[in-house]
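Sequence and predicted structure, then a few things I'm wondering about:
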Amino acid sequence: MMQNVLLAIVLAPLVAALLAGLAGRLIGRAGAHSVTILGVATSFVLSLWVFKAQVWGGAPTFNEPVYTWLVTDGIRMQIGFLIDHLTVLMMVVVTFVSLMVHIYTIGYMHDDDGYQRFFAYISLFTFAMLTLVMSNNFLQLFFGWEAVGVVSYLLIGFWFKRPTAIFANLKAFLVNRVGDFGFLLGIAGVVYFTGSLDYQTAFHFAPLIAASHFTLFEGQTWNAMSVICICLFIGAMGKSAQVPLHVWLPDSMEGPTPISALIHAATMVTAGIFMVARMSPLFELSPTALSFVIVIGATTALFMGFLGIVNNDIKRVVAYSTLSQLGYMTVALGASAYGAGIFHLMTHAFFKALLFLAAGSVIIAMHHEQDMRRMGGLRKHLPITYWTSLIGALALIGFPGFSGFFSKDALIEAVAGSHIPGARYAEFCVTAGVYITALYTFRMIFMTFHGEERMDAHTREHLHESPWVVTVPLVLLAIPSVAIGWLTVGPVLFGDFFHGAIIVHPANDVLHEMAGEFHGPLSFTLRAFTGLPIYLAAAGVASAWFLYLKRPDIPATLRLRLAPLYRVLDNKYGFDWVNENVIASGSRSLGRLFFRVGDQFLIDGALVNGSARTVGWLAAVTRHVQSGYLYHYAFAMIIGLSALLAYMLLGH
């Protein structure tokens with residue numbers, strides 16, 4: 001029974017994607033969105049049923065293979081499901097956000113020629129992510145991992161006639177190949193030491209791996225667990241866009257807004273966070289890997305937030321917000337507060353999907369204008385979009401009582417209590433990031449919805465609220481953005497919700513220490529007023545109000561006076577320049593060298609064309625032997641016979 005339900009959850013979006021993609025012309029636009037919404041809705045309802053059975057019904061953890069694909073050298077390559085509290089939480093989040101995006105897409109993509117194709121892609125995206133989170137082995141994990149990468153490539157470059165879209169999807173594909181190479185090495189290391197692709201087998205042999213060492217370079221011995229975990233995390237750095245493999249995520253905004261919401265909220269970028277939490281039994285045995293994780297996450301959380309301050313594209317501001325918040329989640333993982341990282345992933349999924357879809361609603365109203373400098377005063381024209389955007393913004397900055405407040409405050413407190421090397425640096429970054437987050441978030445709100453109207457007259461005359469297929473998902477996402485923290489902070493964060501699914505070494509268990517001081521969500525909210533983050537958030541909002549509503553002349557003045565700093569931020573710290581002018585250009589130059597030396601000189605010149613010229617030369621020489629005169633042939637035969645007789649006589 002359970003196995004059939006799980007198969008239905010995974011396969012329903014896949015079947016819907018195939019119908020919309022292969023039979024899109026037959027079923028039409030209405031058929032395409034109907035079948036894909038039905039498929040994802042089926043997955044969502046069944047995921048709720050499994051969640052209820054697992055969390056409230058006390059159903060045991062389901063960990064069984066479904067299909068054996070291949071057995072080679074004793075290694076079983078299987079398709080199977082591991083369903084525990086971590087899995088069911090991800091299943092509900094992924095399917096709910098995906099369902100909202102599917103409904104929203106009806107309005108956003110209404111006039112697009114690729115309507116059926118888009119629905120097929122986003123439904124396929126949901127299938128890939130569900131395959132990833134429900135897997136019980138590294139083979140299926142890797143399949144889902146690569147599948148979300150392939151579908152994101154298709155979706156980022158959905159408008160394939162735009163050169164910028166093709167550049168962006170190729171960039172995302174190549175950057176993720178770098179991370180995936182490390183990920184594959186990590187999986188290979190697990191198989192080398194355990195002889196299995198199964199999670200539970202790997203976790204069982206984790207102490208053996210931690211006690212093992214090997215030599216990567218002569219004279220240098222490395223701990224096997226540290227190498228494996230760092231390699232796995234390099235894969236997460238690509239998927240979850242951590243510095244320096246973050247460069248693809250802002251450019252993913254070239255895809256339609258619904259896919260931006262899906263990538264940034266529930267699929268793709270959350271895969272790396274989920275994977276590290278799932279691999280907690282391995283990471284807990286490597287302090288080196290945890291330290292690496294926490295430093296990378298802290299750097300991403302703070303420095304990517306700065307970029308949101310100088311960007312004027314409404315979607316890219318939200319994208320840099322995603323980068324920063326992914327850094328927060330990664331910091332929690334590095335501090336061994338895996339539950340806090342997953343809790344922030346859940347709350348972030350709701351309010352980040354809300355912010356992206358609200359940005360899309362603004363873009364629809366503005367006739368696809370995305371520059372906030374040409375907006376302003378939209379509050380009275382788009383009331384539903386405004387209030388839902390405000391809810392998403394308050395959740396993002398961690399305003400008391402909103403979902404992001406519970407997850408972010410707990411995360412910062414957990415990092416403060418961690419003893420992992422690098423935790424003090426991380427504590428500074430995530431605390432300072434609170435001010436930065438509030439500043440760029442409310443800069444976006446004030447520039448878009450408040451102040452004077454800066455759009456052209458034609459746009460102003462036609463401003464109106466988006467249709468219900470756009471606003472209903474906004475309202476439905478706004479509800480958990482407010483309420484989900486109150487309902488789940490106790491059991492998910494400070495209870496035993498992840499018992500057995502996430503393993504934490506007692507010496508690293510900062511959430512367990514914090515649980516003793518938790519006395520309910522109201523008490524947690526009131527206690528926040530004794531800490532620094534809430535006042536930093538308030539200062540960020542006040543700064544945004546003063547700089548962009550009260551004295552909008554000051555940012556322009558600061559930009560001139562701090563021109564070198566502004567150029568650094570505007571150039572995104574030079575990462576794109578290095579990638580495009582050093583790495584990519586160097587790779588192309590190396591490729592041209594190999595082409596000229598290897599292909600043109602050796603293969604074409606020496607082997608292919610050279611051998612052809614040699615044969616031609618030999619043929620030209622030897623054809624003179626064929627004179628056509630009989631006495632020439634007789635003379636040659638006599639000479640040959642004489643040489644043969646001489647050889648025989650002299651040889652004896």
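Here it is on my side, so go on.

Quick check: phi and psi on residue 219?
Per-residue torsions, residue 219: phi 90, psi 0 (degrees, to the nearest 10).

top strand in this structure by residue count?
Determined from DSSP state E, the single longest strand within the chain is strand 62-72.

ok, residue 292 - how many residues close by?
20 (other C-beta atoms under 10 Å). For every residue, glycine as well, the C-beta is placed using N, CA and C.

Was I right to think it contacts residue 233?
Yes - applying C-beta atoms under 8 Å, one finds residue 292 in contact with residue 233, separated by 6.7 Å.

what are the ranges of the helices in the stretch 551-652 of the chain?
Under the criterion DSSP state H, counting those that start in this stretch, the stretch 551-652 of the chain contains helices at 553-561, 563-570, 575-578, 584-594, 609-622, 630-651.

what mean pLDDT does the last one have?
Mean pLDDT, taken over the full extent of helix 630-651, equals 81.

contacts for it?
residue 625 (C-beta atoms under 8 Å, 6 or more residues apart in numbering).

What would the helix or strand encompassing residue 144 look like as PDB? C-alpha coordinates only.
If you go by DSSP states H and E, residue 144 is part of helix 138-156. Output of helix 138-156 as PDB, limited to C-alpha atoms (Å, rounded to 0.1, in the frame of the first residue of the first chain):
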ATOM      1  CA  PHE A 138      23.200   7.500  -3.900                       C
ATOM      2  CA  LEU A 139      22.300   6.300  -7.400                       C
ATOM      3  CA  GLN A 140      18.800   7.600  -7.300                       C
ATOM      4  CA  LEU A 141      20.000  10.700  -5.400                       C
ATOM      5  CA  PHE A 142      22.500  11.400  -8.300                       C
ATOM      6  CA  PHE A 143      19.800  10.800 -10.900                       C
ATOM      7  CA  GLY A 144      17.500  13.300  -9.300                       C
ATOM      8  CA  TRP A 145      20.400  15.600  -8.700                       C
ATOM      9  CA  GLU A 146      21.300  15.600 -12.400                       C
ATOM     10  CA  ALA A 147      17.600  15.700 -13.500                       C
ATOM     11  CA  VAL A 148      16.900  19.000 -11.700                       C
ATOM     12  CA  GLY A 149      20.100  20.400 -13.300                       C
ATOM     13  CA  VAL A 150      18.900  19.300 -16.800                       C
ATOM     14  CA  VAL A 151      15.400  20.700 -16.400                       C
ATOM     15  CA  SER A 152      16.700  24.000 -14.900                       C
ATOM     16  CA  TYR A 153      18.900  24.300 -18.000                       C
ATOM     17  CA  LEU A 154      15.800  23.900 -20.200                       C
ATOM     18  CA  LEU A 155      13.800  26.400 -18.100                       C
ATOM     19  CA  ILE A 156      16.400  29.100 -17.700                       C
END
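
which residue ranges form the strands in the protein?
62-72, 75-83, 213-217, 220-223.

out of the ones you listed, deepest packed?
Mean neighbour counts were taken over the strands of the chain using mean count of other C-beta atoms under 10 Å, and the top value, a mean of 20, falls to strand 75-83.

got the angle between that one and strand 62-72?
160 degrees (axes from the mean of the first three to the mean of the last three C-alpha atoms, to 10 degrees).

Now do strand 75-83: which elements does it pack against?
helix 2-22, strand 62-72, helix 115-134, helix 138-156 (3 or more C-beta pairs under 8 Å, 6 or more residues apart in numbering; DSSP states H and E).

give me that answer again for 7 Å
strand 62-72, helix 138-156 (3 or more C-beta pairs under 7 Å, 6 or more residues apart in numbering; DSSP states H and E).

and for the longest one, what are the contacting residues?
Residues from elsewhere that reach helix 138-156, judged by C-beta atoms under 7 Å, 6 or more residues apart in numbering: 77, 79-80, 121, 124-125, 128-129, 131-132, 135, 165, 168-169, 172-173, 176, 180, 183, 187, 190, 197, 239, 252, 254-255, 259, 263, 267-268, 271.

would you list every one of the helices in the stretch 201-350 of the chain?
Counting by DSSP H, counting those that start in this stretch, the helices of the stretch 201-350 of the chain are 206-210, 224-239, 248-251, 257-265, 269-278, 280-283, 287-310, 314-334, 338-365.
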